[in-house]
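A.B. asks: My questions concern the predicted model and sequence given below.
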Amino acid sequence: MYHIYFRLLTVDKKFSWKAHSKYLILPIILVSIYEVGVLFTPAIEFKASLFDADAFTNSPHIRFLNIMRSLLRLYFQIQLIITVIQNYNLLRKYNVKAEQFYSDVNDGKYNNAKKLNLFMIITGVYALATYFIMKRHPEMIYLFPPVFAIIMFIIGYMGFHQKPVNPTFDLEVETRGNTGNMEPLTYAQKQILEKLLNEFDDKKMYLNSQLNILDVAKAVGTNRSYISAIINQQYNQNFCSFVNAYRIEELHKIYAENPYSTNEMLVECCGFGSVSSLKRAVFSKTDLSFVEWKKQALLAPK
């Protein structure tokens, strides 16, 4: 399930049984086989084996359960290692998509996604430690569930308080003026778009370096999914790309008027959260480094 979540964060647009069941089939089969073994094991033998590894060792039921337990533990460890590595590779390869959703718009980072992967390691290591401690000290059974609950709460808390930037996970494409062959907007969507453009063209909302899609949705009077869908449909862009297009236009104006501005001054005047986010936005839009962009900006007609 962790790996499926990371795929949804990076390469997959939505959950699909057809696409994602392959990650669930083997663990479901193994657990189901173990559960069937439990059902066919006499209750007295099963309860005794939970607290005494030497109890009923001659019973075929207990021997089967012991084999399945060892197999499940081995599978858990292998699955943990493989999943963490796959998640890391996904974040490294598709960090742009991850940061579109799992970061603030002013500075593309995906630290929270990396923290989730770290918590997966912690959960796995803690589960293994629990097993070995329980073998020696079964009376500590009451200690471990609360700790697991706290770990799960932290993971849920991180997700709940994350500010989604772009729920559609689309990459930045083209410039703000390109409408392509987009499907026509409805009357209600046109009204929202008009309000959106008013906030950006007239009120220059994009100059707020802490701006996120929730702020825009609140100002326009709709929800973030609707805003994202309209921007994507009308301009073939995601929210980050839309905002950065305005900021780069502002950057071009200010730099043309004052080419001696420092990078920090440009960041502050154009709404970027940091110099690094400014440079990433310029490169994403132009495929030029910031130094190369500066040279071209000075040569462009005023």
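C.D. replies: Structure's in. What do you need?

A.B. asks: show me the contacts for the residue in the chain sticking out farthest from the centre.
C.D. replies: Centroid-distance maximum for the chain: residue 58 at 49.3 Å, with CA atoms, centre = their mean. The contact partners of residue 58, taken as CB atoms under 8 Å, 6 or more residues apart in numbering, number zero. All C-beta atoms are positioned from the backbone trio N, CA, C, and that covers glycine.

A.B. asks: measure it to residue 49 for me?
C.D. replies: Distance, residue 58 to residue 49, by CB to CB, to the nearest Å: 12 Å.

A.B. asks: sorry, back to before: three-state assignment of the residue farthest from the centre of the chain?
C.D. replies: coil (DSSP: H, G, I helix; E, B strand; the rest coil).

A.B. asks: Can you give me the distance of it to residue 66?
C.D. replies: Distance from residue 58 to residue 66, by CB to CB: 12 Å.

A.B. asks: Burial check on residue 232, number of neighbours?
C.D. replies: 19 (other CB atoms under 10 Å).

A.B. asks: typo on my end, residue 198
C.D. replies: As a measure of burial, residue 198 has 13 neighbours, counting by other CB under 10 Å.

A.B. asks: circling back to that earlier point, and the residue farthest from the centre of the chain, what are its phi and psi?
C.D. replies: According to degrees, to the nearest 10, the main-chain angles of residue 58 amount to phi -90, psi -10.

A.B. asks: which helices and strands sit right next to whichever helix or strand residue 297 is part of?
C.D. replies: When elements are assigned from DSSP states H and E, residue 297 belongs to helix 290-299. Other helices and strands packing on helix 290-299, by 3 or more CB pairs under 8 Å, 6 or more residues apart in numbering; DSSP states H and E, are helix 239-257, helix 275-286.

A.B. asks: Not counting it itself, show me its contacts.
C.D. replies: With CB under 8 Å, 6+ apart as the criterion, helix 290-299 contacts 252, 255-256, 259, 263, 278-279, 282-283, 286, 288.

A.B. asks: what about 7 Å?
C.D. replies: Contact partners of helix 290-299, identified using CB atoms under 7 Å, 6 or more residues apart in numbering, comprise 252, 255-256, 259, 279, 282, 286, 288.

A.B. asks: got the domain boundaries for the protein?
C.D. replies: 2-160, 187-299 (automatic domain parsing).

A.B. asks: Could I get those in a markdown table, plus columns for mean pLDDT?
C.D. replies: Below are the domains of the chain laid out as a markdown table (pLDDT from 0 to 100):
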| stretch | mean pLDDT |
| --- | --- |
| domain 2-160 | 78 |
| domain 187-299 | 89 |
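
A.B. asks: quick one, which of those is packed in tightest?
C.D. replies: domain 187-299 (a mean of 17; mean count of other CB atoms under 10 Å).

A.B. asks: picking that back up, ok, the contacts of helix 290-299 vs residue 128, which is closest?
C.D. replies: Residue 128 has its nearest neighbour among the contacts of helix 290-299 in residue 279, at 42.8 Å by CB to CB.
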